[in-house]
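Q: Here's a sequence, model it:
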Amino acid sequence: MERERGVADDDDDEELDPREAALRAAAAQEPELGPDGQPLVRALAHVPGLDEARTAATLNDESIVGVYDFEIRDATAYLIMEYVEGLTLTQFVSVYDSTLTLDMIAAVLQAVSRALGVAHENGVLHLDIKPDNVLINAKGQVKVTDFGLATLADAAGQGVAGGGTIGYMPLEQMRQQPLDVRCDEWALASMMYWLLAGSNPFLARDLKGAEAAIENAELVLPSLCWEDMAPELDDVVFQALDPEVDERFDSVQEFAKALKPFLGSAKKGKKQLAELVDAELRGDVEEEEPQFEDELPVEAGWPSREPGLPLCYRITPWHRAIGAAVAGAAGSGVLAACGWSLMDMTSGFANPLFWGLSGMVALVGALSPWVGALIACVVLGVGLVIANAPALGVVVVAAAVAWGLYCGRDSSAQANAGLTFPLAGWAGFGMLAPLMAGFTARPLRALATAAFSCLLALTLSSIGLAVDAAGDGDGAGGFAVEAPELPFESYDLPTALSAATVTKQAGGSTQLPEKRQAEGADSSAAATGLQVAPTVGSVVPCDIQGAVFAQLTAPQMWAVVVSWLAAAVLLSLVRLRRSRAAAVIGVAAAAVVLGVGICAAAFLAAGGRSTMPSPWSMASLVGCVAVMLVACAAIPAYSYTDDADVPEDAEVEKPAE
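A: Just a heads-up that it's a prediction; the model follows:
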């Protein structure tokens, strides 16, 4: 296989200017001999595909490689075609398979279906759609070539096969049956399956084997090859691949229209293709000779070939899937550990049940983040009930079920967004929760995820406050819970995990085994950013629900809650414009909202005397924004998993996912 670079056939000694045109041989055949043994001159007029090529030469579209003229030399017919500097789709995928995105596939589908639509409107069938006949130039334009084997359809829209390639040729073409536009539809569907699933199950050594492969194919579901892909994709692809012609879509356009909603943005895909093909061509210039697909070293990999390309193209879907699994495992495991720590039988770092059960929940979170999150919340809820906080426990479980069914199960990204506070809040990066909610979901789902994160933040921080504020239970030297200046900024994970070392008293009070001194409590509060205020001569019940009530009655908490919800919705709205620039702008806008919330909380906590938050709070916000900017740079395709709340004129290929 050779690159479509305008190189003349090797058998032709005369070199043509590659900047002007490229000559490709078209099904040369020896002419019939006359009675005198001499070739019949008129035989060249019947070279298979020549008449069709003349018709193809009249096709004019940016998605079709133009045919300028014909030349007949000796016993060979040549097509003078448009010069295309680029790669075939086969060559592109052989090098960049690990970086292939749904946006790129959408760009290929849009261009090829458009080219076939133009040809079919002019009565021309291609009959040899395959990756080798799809070219991609340095501008990201996708073009279909080799209409030399196409068949001119008759007035009824049917013709007789003139060629094809096993693996991309339907049964009716192999059997020389009458053909129509659905023949090209099957070939396009086979190519789409190859791009989506990574293999072509219809390849065989001969026509007999190819027929058997089509009739008895055991196909992998393409939707399983892409994270969070809707299973309806399989129905569309398999309908176009149906061996029975009448069971397929009526036209290529209908098939493309049905498939496009499951893919990405063709506009973004064209840009991505341009960057990669241009980089590949520039790399070829530095080599002594072009390197074709069959000459590529087996060990040639993406990082070693183009280490200078943008980060978003070096982080593959496989890398992102691994990251999602790790985040799901860590978030679910930490949240479940907090729940197990509230139960006497499973508490304590020396307890094997604590580690074993937490590890099991983490494993589930790695396989399915939303299921792991749901199980972890149930564990936390049960622990709260046992710790004399039944109302809070019931609310946590009910909210987790509602959130999980509404949006958590839609994608790993949205599930992990709901686990952001348990995962990052203990390190002081609690404000990542609303940013992740807005980054991964559409407005209503972002709002739901942010609200769920607020509930988890309230619960986990209240556990730490309750333990820190526990007195010795004798009415002296107790500590009353006071809401922190900036709620939800962080929570004390070590304290939360040691909650089961307290003893529960009948009145709902919580007592530490040893009396906690004021100095120790102040030191812990300073280390965690949480505040407890010593009181003299009074005892406040220090149960977890009491800590929740103390925070709910603090006005600064509501300032933070409002800022979280507003930041998540604002970021999500800006992200409806699916571009990296929009993501950056959305993160910046959400950061401003969170900053206003921090200042408002400081103002309310200080009784109106100051709006200056602590340096730690501002440093935490800056750190969260930095993490989100890295996410903006690392993710090449921004996809959502539902089509609610999207304006009809938004620049979004709205999938029915």
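
Q: Packing partners of the host helix or strand of His120?
A: His120 belongs to helix 102-121 when elements are defined using DSSP states H and E. If you count contacts as 3 or more Cβ pairs under 8 Å, 6 or more residues apart in numbering; DSSP states H and E, helix 102-121 packs onto strand 142-144, helix 181-197, helix 252-259, helix 266-285. Where C-beta positions appear, they are placed from N, C-alpha and C, glycine not excepted.

Q: can we see that at 10 Å?
A: Here helix 102-121 touches helix 89-96, strand 124-125, strand 134-137, strand 142-144, helix 181-197, helix 252-259, helix 266-285, going by 3 or more Cβ pairs under 10 Å, 6 or more residues apart in numbering; DSSP states H and E.

Q: Tell me which of these sits nearest to Trp226.
A: helix 181-197 (7.1 Å; Cβ to Cβ).

Q: what is the mean pLDDT for the very next helix or strand once past the closest one?
A: Moving toward the C-terminus from helix 181-197, the next helix or strand (DSSP H and E) is helix 207-215. Mean pLDDT, computed over helix 207-215, is 87.

Q: angle of helix 207-215 against helix 181-197?
A: Interaxial angle of helix 207-215 relative to helix 181-197 (axes from the mean of the first three to the mean of the last three Cα atoms, to 10 degrees): 70 degrees.

Q: For helix 207-215, list every residue counted as buried.
A: By 16 or more other Cβ atoms under 10 Å, the buried positions in helix 207-215 come out as 210-211, 213-214.

Q: Which residues does it contact?
A: With contact meaning Cβ atoms under 10 Å, 6 or more residues apart in numbering, helix 207-215 is reached by 164-171, 173-175, 186, 190, 200-204, 206, 241-243.

Q: make it 7 Å
A: 166, 171, 174, 201-202, 204, 243 (Cβ atoms under 7 Å, 6 or more residues apart in numbering).

Q: could I get it in CSV with only the CA atoms?
A: Extracted in CSV, the C-alpha atoms of helix 207-215 (Å, rounded to 0.1, in the frame of the first residue of the first chain):
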residue,chain,number,x,y,z
LEU,A,207,-14.8,-14.5,-1.1
LYS,A,208,-16.1,-17.8,0.3
GLY,A,209,-14.5,-17.0,3.7
ALA,A,210,-15.7,-13.4,3.5
GLU,A,211,-19.3,-14.6,3.0
ALA,A,212,-19.0,-16.9,6.0
ALA,A,213,-17.5,-14.1,8.0
ILE,A,214,-20.5,-11.9,7.3
GLU,A,215,-23.2,-14.5,7.8
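
Q: what's around Gly123, how many residues?
A: Look at Gly123: counted by other Cβ atoms under 10 Å, it has 17 neighbours.

Q: Please apply the same query to Val560.
A: As a burial measure, Val560 scores 27 neighbours (other Cβ under 10 Å).

Q: cool, and the one 3 residues further on?
A: By other Cβ under 10 Å, the residues close to Ser563 number 24.

Q: hmm, back to that, need the helices and strands packed on helix 102-121 in a markdown table with distance to Val562 and mean pLDDT, can you?
A: Shown next, in a markdown table, are these (distance: least, Cβ to Cβ, whole Å; pLDDT from 0 to 100):
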| stretch | distance to Val562 | mean pLDDT |
| --- | --- | --- |
| helix 89-96 | 45 | 88 |
| strand 124-125 | 62 | 84 |
| strand 134-137 | 49 | 91 |
| strand 142-144 | 48 | 91 |
| helix 181-197 | 43 | 92 |
| helix 252-259 | 42 | 93 |
| helix 266-285 | 34 | 82 |
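
Q: tell me the most buried of those?
A: Per residue and on average, the most neighbours among these fall to strand 124-125, with a mean of 26 (mean count of other Cβ atoms under 10 Å).

Q: That strand pairs with which strands, parallel or anti?
A: Here strand 124-125 has these sheet partners by DSSP bridges: strand 151-152 (antiparallel).

Q: Could you verify my assumption that Asn362 touches Ser332?
A: I think there's a mix-up here, since residue 362 is Ala and not Asn. Yes - if you go by Cβ atoms under 7 Å, Ala362 and Ser332 touch, sitting 5.6 Å apart.

Q: Show the residue spans covered by the helices in the stretch 401-550 of the chain.
A: In the stretch 401-550 of the chain, the segments counted as helices under DSSP state H, counting those that start in this stretch are 412-418, 420-424, 432-440, 443-468, 493-497, 518-528, 544-552.

Q: Columns mean pLDDT, distance to Cys377 and mean neighbour count on top of those, output as TSV?
A: Listed next are the helices of the stretch 401-550 of the chain as TSV, based on pLDDT from 0 to 100; distance: least, Cβ to Cβ, whole Å; neighbours: other Cβ atoms under 10 Å:
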stretch	mean pLDDT	distance to Cys377	mean neighbour count
helix 412-418	89	9	28
helix 420-424	92	10	27
helix 432-440	92	15	30
helix 443-468	90	8	25
helix 493-497	78	15	20
helix 518-528	38	23	15
helix 544-552	85	15	21
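
Q: most surrounded residue in the contacts of helix 207-215?
A: Per-residue neighbour counts (other Cβ under 10 Å) across these peak at Phe202, which has 23 neighbours.

Q: Next up, the contacts around that residue.
A: 167, 190, 210, 213-214, 217.

Q: shaky segments in this structure?
A: The chain contains residues with pLDDT under 70 at 1-57, 70-79, 148-163, 283-318, 469-487, 499-543, 578, 635-657.

Q: mind giving me the domain split of it?
A: Per the record, the chain has its domains at 22-81, 86-268, 317-552, by automatic domain parsing.

Q: could I get those as CSV with distance to Gly623?
A: Shown next, in CSV, are these (distance: least, Cβ to Cβ, whole Å):
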stretch, distance to Gly623
domain 22-81, 47
domain 86-268, 28
domain 317-552, 6
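
Q: Output the helices of the stretch 401-550 of the chain as JSON lines; include the columns distance to Arg320.
A: As requested, the helices of the stretch 401-550 of the chain are exported to JSON lines (distance: least, Cβ to Cβ, whole Å):
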{"stretch": "helix 412-418", "distance to Arg320": "9"}
{"stretch": "helix 420-424", "distance to Arg320": "16"}
{"stretch": "helix 432-440", "distance to Arg320": "12"}
{"stretch": "helix 443-468", "distance to Arg320": "19"}
{"stretch": "helix 493-497", "distance to Arg320": "27"}
{"stretch": "helix 518-528", "distance to Arg320": "32"}
{"stretch": "helix 544-552", "distance to Arg320": "36"}
